[in-house]
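Asks: predicted model and sequence follow; I will ask about them next.
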Protein chains: 2
Amino acid sequence: MTDKDPTIDDVARLANTSVATVSRVLNDKGYVSGDARIRVEKAVKELNYQPRVVTRDNVQKNLRHVGILVPDMNNYFYPLELMGIEDELEKKDYSILLCNTYEKVEKEKKYIANLLKKDVDGIILVGSRSTISYNEHIIDLAEKIPVVMTNDYIIGSCVYSVMIDIVNGAYKAVSHLIGLGHRNIAIINGNIEYSTFASKQEGYQHALEDEGIKIQNDYIVSEVPYEAGGFAGMKRLLALEKPPTAVFSASDQIAVGGISAIYQAGLRIPEDISLVGFSNIPLSEHLHPSLTTIDAYPYHTGKLAAETIISVLNHKEQDQRKIILEPRLIERNTCQRITEN
Amino acid sequence: MTDKDPTIDDVARLANTSVATVSRVLNDKGYVSGDARIRVEKAVKELNYQPRVVTRDNVQKNLRHVGILVPDMNNYFYPLELMGIEDELEKKDYSILLCNTYEKVEKEKKYIANLLKKDVDGIILVGSRSTISYNEHIIDLAEKIPVVMTNDYIIGSCVYSVMIDIVNGAYKAVSHLIGLGHRNIAIINGNIEYSTFASKQEGYQHALEDEGIKIQNDYIVSEVPYEAGGFAGMKRLLALEKPPTAVFSASDQIAVGGISAIYQAGLRIPEDISLVGFSNIPLSEHLHPSLTTIDAYPYHTGKLAAETIISVLNHKEQDQRKIILEPRLIERNTCQRITEN
DNA sequence: TTGTAAGCGTTATCAG
DNA sequence: CTGATAACGCTTACAA
């Protein structure tokens, strides 16, 4: 522990000038003679002076901090999104205050109160939210400071959103399966109280309806949206009297569990059963067989969210409150044209 | 955007008292009459006053922020560790400033300088580091503010460390394989310039030596420590004249790629080849077959790192600068007693 | 071009 | 028990 950090006064003293001049040099503002500038720079170097940005921010009320609320790091989508956010924010010198909500509204509220106290400039809410109420505090929040959500939105509020067209993504996944001749197509979904899963279900149903395929309730299973849920869901499907020939998994992690269940049942992929995932996390490419999936651009979503909040903070006009990305199908090796039947 | 946040002055005015009293009420410090307390509390509520903690911190020089440097969110170990860190830090009201270094020393230095400017109270360095130099700036840093590293350490410095006994973990993995009768055991490792991988190699070699098994250089392959590396490494091993009957993967993600390569070659797990991973990320349980691995306690490592920095910050005596956890083998379904030979 | 001094919103000190 | 007032380290009018 060194004695004491040097202050701007120390620099001024050493450079034989005033704090004002030092500040001007440091911030490249106002007039400074070349001579003074050099003396100051030398003093800064000599003392290894680091301005206490906290103080500056106190004066300027410009903190350059944004709070990020992440529901759960176990969902591999979020770390990727976080990378996108961080890369972008870092460029503009914003720091990230990270908070893990575990999808608990109580935790979320507590974190938000904390972030507000810490005077963050804005908040990014990562991930889809439960649709059943609980959004008032977010709407209130958005009236105070800029708020950007990803993978979800609140209609009629001033919350900004970056998301993919999930309904359409699911539609593409299921259409792909239909295009390969499948008719008995199931979905392993998460809880449809979350908008993301509601949308996936919607896309699934639309795709079937558009091809005049009857929707079967026992082909629609809801599980926790992780590997364990995929495993359980697939087992349920395989136990059906007439199991599906193809399954749409609402996330890549669900697909991982599904694959495991299929193998365990002694079946093959894609010969016995075709599979499409959702997200395109890096892992999906490295499974065996590599997973056909819908690219939901996790990194890019984060990047855009960060860009959005930065422009809002800089009072740039936003042409739109909501950015919607078009997902795309990534064909790999878990799907096959149906032969028999 | 509301007009203006109320300040402590506003509260004092409304409560018909002085800022000092308000501050005392807010911080439960010093004597305040019940009457004054009530008036202040009422005013606080009425104005919905939130103290600007940043300012307080500026005065107290007690920021309650700790910076976390994470090498790469693509390594599933780190998000888990981050959860452990965050959960613990949050309890004591510390905020996390998250930084992604991408394992670039330049980025790391820049981030550290930034964090210092922001006056963080301490820094946690997540993940193993390259052993070839580059550590001076960390040592310098640790002389200024508390630094704790995870999964690595710097001898003779004042850096605190939380890590598992990696050598021993690798030893256990390989011993397990030997115990099952395997003699041709390979390792798919990362770059041994990183201490974590160097240690894994060491444990691997020790285990073989202790059983009098000759170390074969072509059974030691080094790849990027992700799925792609595992895939490539396994392909190399399978192409050998005498492929191994068992493989120790230096990470679970390497194992994922390895599994893929094994399947692609038309072989079975564990009948044709046994596999042990390292880390015990949640995913490993859900692979098919579920992966036998070494538990490196990612969440717990993070939690301990946070606890460590908190006690250092509170000037509690640390009995040790280095906490070492004992890894354990988790037997699942990728290993089998060797039959033929 | 420079320096003085007034803020920023708190907390700490010290008379009353 | 209370209230002025100094202090924290920095930025920035404003005067010189």
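Replies: Ah, there it is. Residues are numbered from 1 along each chain as shown, chains lettered A, B, ... in the order given.
Asks: DNA strand D contacts on chain A?
Replies: A:7-9, A:19-20, A:22-24, A:26-27, A:29-30, A:51-52, A:55-56, A:58-60 (C-beta under 7 Å from any atom of the strand). All C-beta spots, glycine's among them, are computed from the backbone N, C-alpha and C.
Asks: rerun at 6 Å
Replies: A:7-8, A:19-20, A:23-24, A:26-27, A:29, A:51-52, A:55-56, A:58-60 (C-beta under 6 Å from any atom of the strand).
Asks: now do the same contact list for the closest residue to A:Arg52 other than its chain neighbours.
Replies: Nearest residue to A:Arg52 in three dimensions, chain neighbours excluded: B:Asp119, at 6.0 Å (C-beta to C-beta, 6 or more residues apart in numbering or on different chains). Listed by C-beta atoms under 8 Å, 6 or more residues apart in numbering or on different chains, the contact partners of B:Asp119 are A:Arg52, A:Val53, A:Val54, B:Asp57, B:Lys61, B:Leu63, B:His65.
Asks: got the phi and psi for B:Asp119?
Replies: When read as degrees, to the nearest 10, the backbone of B:Asp119 gives phi 60, psi 40.
Asks: roughly how far does it sit from B:Asn58?
Replies: 9 Å (C-beta to C-beta, to the nearest Å).
Asks: mutual contacts of the two, please.
Replies: The contact sets of B:Asp119 and B:Asn58 overlap at A:Arg52, A:Val54 (C-beta under 8 Å, 6+ apart).
Asks: please list only the buried members of the residues of chain A next to DNA strand D.
Replies: Among the residues of chain A next to DNA strand D, the ones that count as buried by 16 or more other C-beta atoms under 10 Å in any protein chain shown are A:Thr7, A:Ile8, A:Ser23, A:Arg24, A:Leu26, A:Pro51, A:Arg52, A:Thr55, A:Arg56, A:Asn58.
Asks: residues in contact with the closest residue to DNA strand C within the stretch 151-300 of chain A?
Replies: Nearest residue of the stretch 151-300 of chain A to DNA strand C, counting by C-beta to the nearest atom of the strand: A:Cys158, 23.6 Å away. Contacts for A:Cys158 were tallied using C-beta under 8 Å, 6+ apart; they are A:Ile139, A:Ala142, A:Glu143, A:Val147, A:Arg321.
Asks: which stretches of chain A form helices?
Replies: Taking DSSP state H, the helices of chain A run over residues A:8-15, A:19-27, A:34-47, A:53-60, A:77-91, A:105-117, A:136-144, A:166-179, A:195-210, A:227-238, A:252-264, A:282-286, A:298-313.
Asks: of all those, which lies closest to B:Asp272?
Replies: With C-beta to C-beta as the criterion, B:Asp272 lies closest to helix A:252-264 of the helices of chain A, at 15.1 Å.
Asks: just checking, what packs against the closest one?
Replies: In terms of contacts (3 or more C-beta pairs under 8 Å, 6 or more residues apart in numbering or on different chains; DSSP states H and E), helix A:252-264 is packed against helix A:227-238, strand A:246-249, strand A:274-276, helix A:282-286, helix B:282-286.
Asks: for the third one, which strands pair with it and how are they oriented?
Replies: Paired strands of strand A:274-276, with direction, are strand A:246-249 (parallel) (DSSP bridges).
Asks: contacting residues around the partner strand?
Replies: With contact meaning C-beta under 8 Å, 6+ apart, strand A:246-249 is reached by A:170, A:173-174, A:177, A:180, A:182, A:184-188, A:200, A:204, A:230, A:234, A:237, A:255, A:258, A:273-278, A:335, A:338.
Asks: before we move on, what about stretch A:222-237?
Replies: Under C-beta under 8 Å, 6+ apart, the answer for stretch A:222-237 is A:74-75, A:186, A:188-192, A:197, A:219, A:221, A:243-244, A:247, A:249-251, A:253-262, A:265, B:282-283, B:285-286.
Asks: kindly write the PyMOL command that selects the buried subset of the residues you listed.
Replies: Selection of the buried residues among those in PyMOL, burial being defined by 16+ other C-beta under 10 Å:
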select buried, (chain A and resi 74+75+186+188+189+190+191+192+197+219+221+243+244+247+249+250+251+253+254+255+256+257+258+259+260+261+262) or (chain B and resi 282+283+285+286)
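Asks: re earlier: farthest-separated two in the buried ones among the residues of chain A next to DNA strand D?
Replies: The most widely separated members of those, counting by C-beta to C-beta, are A:Arg24 and A:Asn58 (18.9 Å).
Asks: other SSEs contacting the lowest-mean-pLDDT helix or strand in chain A?
Replies: Within chain A, judged by mean pLDDT, DSSP states H and E, the helix or strand with the poorest mean is helix A:53-60; its value is a mean of 80. Applying 3+ C-beta pairs under 8 Å, 6+ apart, we find helix A:53-60 packed against helix B:53-60.
Asks: pull the distance from the helix it packs on to the chain's centre.
Replies: 30 Å (C-alpha atoms, centre = their mean, to the nearest Å).
Asks: over to stretch A:143-157?
Replies: On C-alpha atoms, centre = their mean, the centre of stretch A:143-157 falls 14 Å from that of its chain.
Asks: with stretch A:239-249 instead?
Replies: Per C-alpha atoms, centre = their mean, the centroid offset for stretch A:239-249 relative to its chain is 30 Å.
Asks: now it - C-alpha only, PDB.
Replies: What follows is stretch A:239-249, C-alpha atoms only, in PDB (Å, rounded to 0.1, in the frame of the first residue of the first chain):
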ATOM      1  CA  ALA A 239     -42.900 -42.600 -24.500                       C
ATOM      2  CA  LEU A 240     -45.900 -41.500 -26.600                       C
ATOM      3  CA  GLU A 241     -47.800 -44.100 -28.500                       C
ATOM      4  CA  LYS A 242     -46.900 -42.400 -31.700                       C
ATOM      5  CA  PRO A 243     -43.600 -40.500 -31.000                       C
ATOM      6  CA  PRO A 244     -42.800 -37.500 -33.200                       C
ATOM      7  CA  THR A 245     -40.300 -37.900 -36.000                       C
ATOM      8  CA  ALA A 246     -39.000 -34.400 -35.500                       C
ATOM      9  CA  VAL A 247     -38.600 -32.100 -32.500                       C
ATOM     10  CA  PHE A 248     -38.100 -28.400 -32.200                       C
ATOM     11  CA  SER A 249     -36.200 -27.500 -29.100                       C
END
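Asks: now do the same for it: mean pLDDT, whole number.
Replies: Average pLDDT, stretch A:239-249: 98.
Asks: re earlier: which of the contacts of B:Asp119 lies closest to A:Glu86?
Replies: Checking the contacts of B:Asp119 one by one against A:Glu86 (C-beta to C-beta), the nearest turns out to be B:His65, at 16.2 Å.
Asks: and the closest one, how many neighbours?
Replies: Residues within reach of B:His65, counting by other C-beta atoms under 10 Å in any protein chain shown, total 23.
Asks: dump the residue contacts of it.
Replies: Listed by C-beta under 8 Å, 6+ apart, the contact partners of B:His65 are B:Tyr94, B:Ser95, B:Ile96, B:Leu97, B:Lys118, B:Asp119, B:Val120, B:Asp121.
Asks: ok, and the closest non-adjacent residue to it?
Replies: Setting aside the residues directly before and after it, B:His65 is nearest to B:Val120 in space (C-beta to C-beta, 6+ apart), at 4.5 Å.
Asks: for the one you found, give me its contacts.
Replies: B:Leu63, B:His65, B:Val66, B:Gly67, B:Leu97, B:Ile145.
Asks: by neighbour count, which of those wins?
Replies: Most surrounded of the contacts of B:Val120: other C-beta under 10 Å gives B:Val66, at 26 neighbours.
Asks: no further questions, thank you.
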